[in-house]
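Visitor: Got a sequence here, can you model it:
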Amino acid sequence: MLQSSDTTPWYKQFWPWFLIFLPFSAVVAGIITFVIAQQNQPVLVSKDYYKEGLAININKTLQAKAKTLGLEYKTFVGESTLSIHLNGLQTPTAYLQLQLRHATISQHDKTLKLLRISDNVFQAPFVLPIAGKWYLNIRDPDNSWEISREQHLSVEE
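Guide: Below you'll find the predicted structure:
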């Protein structure tokens with residue numbers, strides 16, 4: 001009869017502990033991942049995607065009207081102001097609505113009322129919180145047209 005010369009108990013051997021360590025480390029990593037995910041929850045840039053989806057057709061109609069009117073603009077960001085030079089506007093308006101949405105950080109989103117300071121120039125007090133990719137929507141007070149575009153904004157000197 002063969003007798004094993006290894007008589008050490010199982011808890012003093014390497015392989016059982018190695019095999020126990022693998023699933024245990026996966027559980028610990030899962031708990032750490034869960035805690036990190038709970039502490040750093042993502043911020044939704046848009047809270048109601050369904051309503052935005054329904055509004056796409058309305059926005060396209062307003063954008064088509066702006067294109068038909070031949071409206072184009074240039075943006076100038078100073079240290080304390082934001083100016084829009086709007087070309088193609090036939091009926092004068094006292095102000096424009098500008099919606100600024102940051103591409104990833106919704107805390108920086110703003111809606112500005114740009115007041116007319118000369119013929120085709122509109123301006124509002126504004127301090128750019130962070131340079132980068134922004135979505136700009138410009139509308140007239142009657143909401144009869146809209147110009148939307150994506151633009152890289154930075155302070156000009």
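
Visitor: Buried residues of the top helix by length along the chain, list them for me.
Guide: Longest helix in the chain, counting residues (DSSP state H): helix 14-39. For helix 14-39, a neighbour-count test (16 or more other C-beta atoms under 10 Å) marks nothing as buried. Every C-beta, even on glycine, is put in place using the N, C-alpha and C of the backbone.

Visitor: now stretch 84-96
Guide: Neighbour-count burial for stretch 84-96 [16+ other C-beta under 10 Å]: 84, 86, 89, 96.

Visitor: before we move on, what about stretch 142-151?
Guide: Those buried within stretch 142-151 under the rule 16+ other C-beta under 10 Å are 145-147.

Visitor: Start and end of it, how far apart?
Guide: 24 Å (C-alpha to C-alpha, to the nearest Å).

Visitor: Report the mean confidence score over that stretch.
Guide: Averaged over stretch 142-151, pLDDT sits at 91.

Visitor: picking up where we left off before, just give me the closest of the buried residues of stretch 142-151 to residue 77.
Guide: Minimum distance to residue 77 across the buried residues of stretch 142-151 is 16.9 Å, recorded for residue 147 (C-beta to C-beta).

Visitor: what about the closest one, which SS state?
Guide: strand (DSSP: H, G, I helix; E, B strand; the rest coil).

Visitor: Tell me the spacing between residue 88 and residue 143.
Guide: From residue 88 across to residue 143, the span is 18 Å (C-beta to C-beta, to the nearest Å).

Visitor: about what we covered before: mind picking the lowest-pLDDT entry from the buried residues of stretch 84-96?
Guide: residue 89 (83).

Visitor: Distance from the chain centre to the worst-scoring helix or strand of the chain on mean pLDDT, please.
Guide: Ranked by mean pLDDT, DSSP states H and E, the helix or strand of the chain with the weakest confidence is helix 49-69, at a mean of 82. Computed by C-alpha atoms, centre = their mean, to the nearest Å, the chain-centroid distance of helix 49-69 equals 20 Å.
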